[in-house]
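>>> could you look at this predicted model? Sequence included:
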Amino acid sequence: MNVRNIFTAAAVLATCALGAGVAQAKEFRLGLITPPSHIWSQNAVEFGDALSAATDGAHTVTVFPARQLGNEAQMLQQLQTGALDMAFLTVAEVSNRAPDFGAFYAPYLASDVGHAARILDTDVARGMLDQLPAKAGVVGIGFGMAGLRQIVARGDVTTAEDLQGLKLRITPFDPILDFYNAVGAAPTPMPLPAVYDALANGQVDAIDMDAELIWKLKYYEHADTILQSNHMMFPMVGLVSARVWQDLSEDERATITELMRKELQDCIDTYVAKDVEWLEQVRGTGETMIEVGPEFFGDAMTEWEATWSEKSTQLGALREAAEAVK
Ligand code: BEZ
């Protein structure tokens, strides 16, 4: 068999492997901002492996972690034009396009990480994905998450007064900016890769962060106090470009949906199993950790609620749904 015939035979085999309704093999690209070792990145790779296995190698997914394709705003733009096929993005970025999603960041919407997982599984939460094709040019397949948020500070912090005026790193998006403005801190938007150095060299006084990264990236080594506040959930969303989606067959859509949802659920299960354990590991280093609840933040909670009940039409419904799965 000559080289041309070999390629033709391979293409025919690939097409047969895909089954009826699938036109051709596809090489998808999936982007995210997290480093390769991060749980989101690992789930993305596992999704690609599963899709490849389900199509006998005809469909592949190349994962681009660590902002190789740009920041989340840039990736969302690429998804919109079809230049990028898929992404796992923070709901933070999506909420910049679809403000209803800001409701997920309501302080103490979730009472613990298991509750956060149940909230993401409610009809209200899943129903919000329906607005993404029109608002952001993407199809929302489902939610993942990164546990609950904590505060890591360089100085001693025992009351909310101690946060006044502190330069406090936040993920760049409005709901969390509004929260820390209400607290009286000086919120400093900063993407993930810049955080370690900024905390280590004192460019910021404190950071808003999740338990996994406080432990694994050793942020605690540059802190005097960790407020175990669990004040906010931090959902992620698995997305497919709406332009790419429209060219997929029903079979392909069903397979991608099933396999991506499985990985997103696996991601959630990992955080539910590990979020508390990571903080216990930090505590084991002798770090000063102070457990605080909603009362610590006082009026900031009501102020945030007043602002976001105007900005998100889903805040009330999501709070009710959260109450129902407490
Ligand atoms: C952050 O900005 O803190 C962040 C982003 C993605 C995953 C985890 C944390």
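Done, it's in. These numbers were taken from a predicted model, which means no experiment stands behind them.
>>> quick check: residue 79 is in a helix.
Yes: according to DSSP: H, G, I helix; E, B strand; the rest coil, residue 79 belongs to a helix.
>>> helix/strand/coil for residue 323?
Once three-state DSSP is applied, residue 323 turns out helix.
>>> distance of it from residue 272?
As judged by C-beta to C-beta, to the nearest Å, residue 323 and residue 272 stand 19 Å apart. Placement of C-beta: from N, CA and C, glycine included.
>>> what do you get for residue 233?
12 Å.
>>> the more surrounded of the two?
residue 233 (27 against 18; other C-beta atoms under 10 Å).
>>> got the contact list for the more buried one?
By C-beta atoms under 8 Å, 6 or more residues apart in numbering, residue 233 lies in contact with 104-105, 109-110, 116, 119, 145, 147-149.
>>> point out the residues in the stretch 101-250 of the chain that sit beside the ligand.
Within reach of the ligand by C-beta under 6 Å from any ligand atom, the stretch 101-250 of the chain has these residues: 146, 171, 192, 209-210, 213.
>>> what about 8 Å?
Listed as neighbours of the ligand in the stretch 101-250 of the chain under the rule C-beta under 8 Å from any ligand atom: 146, 171, 191-192, 195, 208-210, 212-213, 234, 236.
>>> out of the residues you listed, which is nearest to residue 84?
residue 236 (16.1 Å; C-beta to C-beta).
>>> please report phi then psi for that closest one.
Torsion angles at residue 236 (phi, psi; degrees, to the nearest 10) stand at phi -120, psi 160.
>>> would you map the strands across the protein?
All strands of the chain, identified by DSSP state E, fall at 27-31, 60-64, 86-90, 138-153, 167-170, 186-189, 206-210, 225-228, 233-241, 289-291.
>>> make JSON lines out of those strands and add mean pLDDT.
Below are these laid out as JSON lines (pLDDT from 0 to 100):
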{"stretch": "strand 27-31", "mean pLDDT": "98"}
{"stretch": "strand 60-64", "mean pLDDT": "98"}
{"stretch": "strand 86-90", "mean pLDDT": "98"}
{"stretch": "strand 138-153", "mean pLDDT": "98"}
{"stretch": "strand 167-170", "mean pLDDT": "98"}
{"stretch": "strand 186-189", "mean pLDDT": "98"}
{"stretch": "strand 206-210", "mean pLDDT": "98"}
{"stretch": "strand 225-228", "mean pLDDT": "98"}
{"stretch": "strand 233-241", "mean pLDDT": "98"}
{"stretch": "strand 289-291", "mean pLDDT": "97"}
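>>> chain neighbours aside, what residue packs nearest to residue 208?
residue 170 (5.0 Å; C-beta to C-beta, 6 or more residues apart in numbering).
>>> residue contacts, residue 168?
Counted by C-beta under 8 Å, 6+ apart, residue 168 has contacts 151, 180, 185-188, 204-208.
>>> bridging residues for it?
residue 187, residue 206 (DSSP bridges).
>>> pLDDT at residue 272, what is it?
Looking at residue 272, its pLDDT is 98.
>>> and residue 51, by the same measure?
98.
>>> where does pLDDT dip in the stretch 1-150 of the chain?
Applying pLDDT under 70 to the stretch 1-150 of the chain flags residues 1-23.
>>> quick one, helices of it?
3-18, 39-54, 72-81, 91-97, 113-120, 123-128, 132-136 (DSSP state H, counting those that start in this stretch).
>>> quick one: closest of those helices to residue 287.
Across those, closest to residue 287 is helix 113-120 (C-beta to C-beta), at 19.9 Å.
>>> tell me the angle the closest one makes with strand 206-210.
70 degrees (axes from the mean of the first three to the mean of the last three C-alpha atoms, to 10 degrees).
>>> next, work out how far apart residue 204 and the ligand are.
Plainly put, residue 204 is 13 Å away from the ligand if you go by C-beta to the nearest ligand atom, to the nearest Å.
>>> that residue contacts residue 189, doesn't it?
No: with contact defined as C-beta atoms under 8 Å, residue 204 does not count as touching residue 189 (10.7 Å).
>>> neighbour count for those two, which is higher?
residue 204 (24 against 12).
>>> quick check: the residue of this structure nearest the ligand.
Proximity of the chain to the ligand (C-beta to the nearest ligand atom) peaks at residue 171, 3.5 Å away.
>>> and the nearest residue to that residue once chain neighbours are set aside, what does it touch?
Among residues not flanking residue 171 along the chain, residue 92 sits closest, at 5.2 Å (C-beta to C-beta, 6+ apart). Contact partners of residue 92, counting by C-beta under 8 Å, 6+ apart, are 72, 105, 171-173, 175-176, 234.
>>> same thing with residue 110?
116, 119, 148, 230, 233, 322.
>>> name the member of the contacts of residue 168 with the most neighbours.
Counting neighbours by other C-beta under 10 Å, residue 206 leads the contacts of residue 168 with 29 neighbours.
>>> circling back to that earlier point, what's the closest of the residues of the stretch 101-250 of the chain next to the ligand to residue 30?
Using C-beta to C-beta, residue 236 comes nearest to residue 30 of those, at 12.7 Å.
>>> separation between the closest one and residue 87?
10 Å.
>>> do residue 157 as well
Distance of residue 157 to residue 87, given as C-beta to C-beta: 35 Å.
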